[in-house]
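Student: sequence first, then the predicted structure, then my questions.
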Amino acid sequence: MLKKTISTGMVHKLPADLQKAIASAPKARAVWDIITPLAKNEWICWVTSGKKAETRGIRIGKALSKLGSGMHRPCCWAGCPHR
């Protein structure tokens, strides 16, 4: 009998720049550790969907701020189109 792997629900891998930023922000890290894999996926997709490096940097900063204040998902965003 084959063993099936259970998906974590994360379509996107955590990019190094976002991982480093979250690791350096204790409040954001605390929320990141408790949110669902789907919520993590949406944060990653929101950050990486910006086409310019400047936009990505701004989104990383906003993600840290919002996660640090307890927000579990990006606000006012349609969600990850890849799920």
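Tutor: Structure's in. What do you need? On a predicted model such as this, the values are computed, not experimentally measured, just so you know.
Student: before we move on, what SS does Val11 have?
Tutor: Classification of Val11 using DSSP: H, G, I helix; E, B strand; the rest coil returns coil.
Student: count the neighbours of it for me.
Tutor: By other Cβ atoms under 10 Å, the residues close to Val11 number 16. The way it works is simple: take the backbone N, C-alpha and C, and place the C-beta from them, glycine included.
Student: how about it: what's its closest non-neighbour residue?
Tutor: His82 (4.7 Å; Cβ to Cβ, 6 or more residues apart in numbering).
Student: for Val47, see how far away the one you found is.
Tutor: The gap separating His82 from Val47 is 14 Å, by Cβ to Cβ, to the nearest Å.
Student: of the two, which one has the most company?
Tutor: For His82 and Val47, the more surrounded residue by other Cβ under 10 Å is Val47, and the numbers stand at 24 against 9.
Student: helix/strand/coil for that one?
Tutor: Put simply, Val47 is helix when judged by three-state DSSP.
Student: I'd say it and Gln19 touch.
Tutor: No. Contact between Val47 and Gln19 fails when scored by Cβ atoms under 8 Å: they sit 10.8 Å apart.
Student: in this protein, where's the longest helix?
Tutor: Longest helix of the chain, by residue count under DSSP state H: helix 53-68.
Student: quick one: contacts of it?
Tutor: Helix 53-68 has contacts (Cβ atoms under 8 Å, 6 or more residues apart in numbering) with 17-18, 21-22, 25, 27-28, 31-32, 43, 46-48, 50, 74-75.
Student: separate out the buried members of the residues you listed.
Tutor: Leu18, Ala21, Ile22, Ala25, Ala28, Val31, Trp32, Trp43, Trp46, Val47, Thr48, Pro74 (16 or more other Cβ atoms under 10 Å).
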